[in-house]
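Asker: I would like to see how this sequence folds:
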Amino acid sequence: MLMVITLFTLGIGPDPSALSTHASGIIWVVALLGIMLSLDALFRADFDDGSLEQLLLSPQPLYLAVLAKVLAHWVITGLPIVLASPLYSLMLGIPANAIAFLALGLLLGSGILSFIGAIGASLTVSLRSGGLLIALLTLPLYVPVIIFGSQFVQSAIEGWPLMPTLSMLLGLLIGAIVLAPIAIIGGLRLSQDS
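Answerer: Now for the predicted structure:
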């Protein structure tokens, strides 16, 4: 991620005002790329060694197992992005008063991105290289998260009200936590049957 942000910095130029104008969008796109890179492997090892099939055949409820798997993915991919966001924001010239809001937005948004991406990963787990297909399936669902996430940071920078965008991010996260595991279970069953 550091390399991508450095390349954005070199591509836009050294003008601090130009960097800070696009900074929140750049960080959100980089977070999206970081999360998407690991989605193809989310269920792959379980599918290859047969444990996914055993999990689907077991009488235990799958909801909690899938929820734990996606939360573990978020801890490995999303949480480091959130923890590194102050460094990235300093590199891109985000004002100091907005850094905490960037981290909060990424904390909520990266969870949403992981849950949405896990839906795509569950649908493509039986394919050998489904990374591109995951991107095509989930990109339209990622757009609202990127829009509201970058708008949340921009609202903090400009001094606008934060509650509308924060409410949308919270609503999307709650919806993803509740509904995405159901869709993931359906996608895993569908992939296992094919």
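
Asker: Count residues in the vicinity of residue 186, would you?
Answerer: 13 (other C-beta atoms under 10 Å). The way it works is simple: take the backbone N, C-alpha and C, and place the C-beta from them, glycine included.

Asker: same question but for residue 14, I mixed them up
Answerer: For residue 14, the count of nearby residues is 8 (other C-beta under 10 Å).

Asker: distance of it from residue 93?
Answerer: Going from residue 14 to residue 93 by C-beta to C-beta, to the nearest Å gives 10 Å.

Asker: Let me know the pLDDT of the residue nearest the centre of the chain.
Answerer: When C-alpha atoms, centre = their mean is applied to the chain, the residue found nearest the centroid is residue 113 (2.6 Å). Note on residue 113: pLDDT of 98.

Asker: How about the contacts made by residue 108?
Answerer: Contact partners of residue 108, counting by C-beta atoms under 8 Å, 6 or more residues apart in numbering, are 149, 166, 169, 170, 172, 173.

Asker: Nearest to residue 22 among the residues you listed?
Answerer: residue 149 (14.0 Å; C-beta to C-beta).

Asker: Quick check: buried residues in the helix or strand of the chain with the lowest mean pLDDT?
Answerer: The weakest-scoring helix or strand in the chain, judged by mean pLDDT, DSSP states H and E, is helix 2-12 (a mean of 86). Across helix 2-12, burial judged by 16 or more other C-beta atoms under 10 Å covers 5, 8, 9.

Asker: Next SSE downstream of the helix or strand containing the residue nearest to the centre of the chain?
Answerer: Taking DSSP states H and E as the definition, one finds residue 113 inside helix 99-123. Per DSSP H and E, the first helix or strand lying C-terminal to helix 99-123 is helix 131-158.

Asker: Quick check: buried residues in that following helix?
Answerer: Buried positions in helix 131-158, judged by neighbour count with 16+ other C-beta under 10 Å: 131, 134-135, 137-138, 141-142, 145-146, 148-157.

Asker: immediately after that helix, which helix or strand?
Answerer: With elements assigned by DSSP H and E, the helix or strand that comes after helix 131-158 is helix 163-193.

Asker: how far off helix 131-158 does that following helix point, in degrees?
Answerer: 170 degrees (axes from the mean of the first three to the mean of the last three C-alpha atoms, to 10 degrees).

Asker: if we can go back for a sec, go through the contacts of residue 108 and say which is closest to residue 87.
Answerer: Closest approach between those and residue 87, by C-beta to C-beta: residue 149, at 18.0 Å.

Asker: So what's the residue count around the residue nearest to that closest one when sequence neighbours are not counted?
Answerer: Once flanking residues are discounted, residue 149 sits nearest to residue 109: 4.1 Å by C-beta to C-beta, 6 or more residues apart in numbering. Counted with other C-beta under 10 Å, the neighbours of residue 109 add up to 27.
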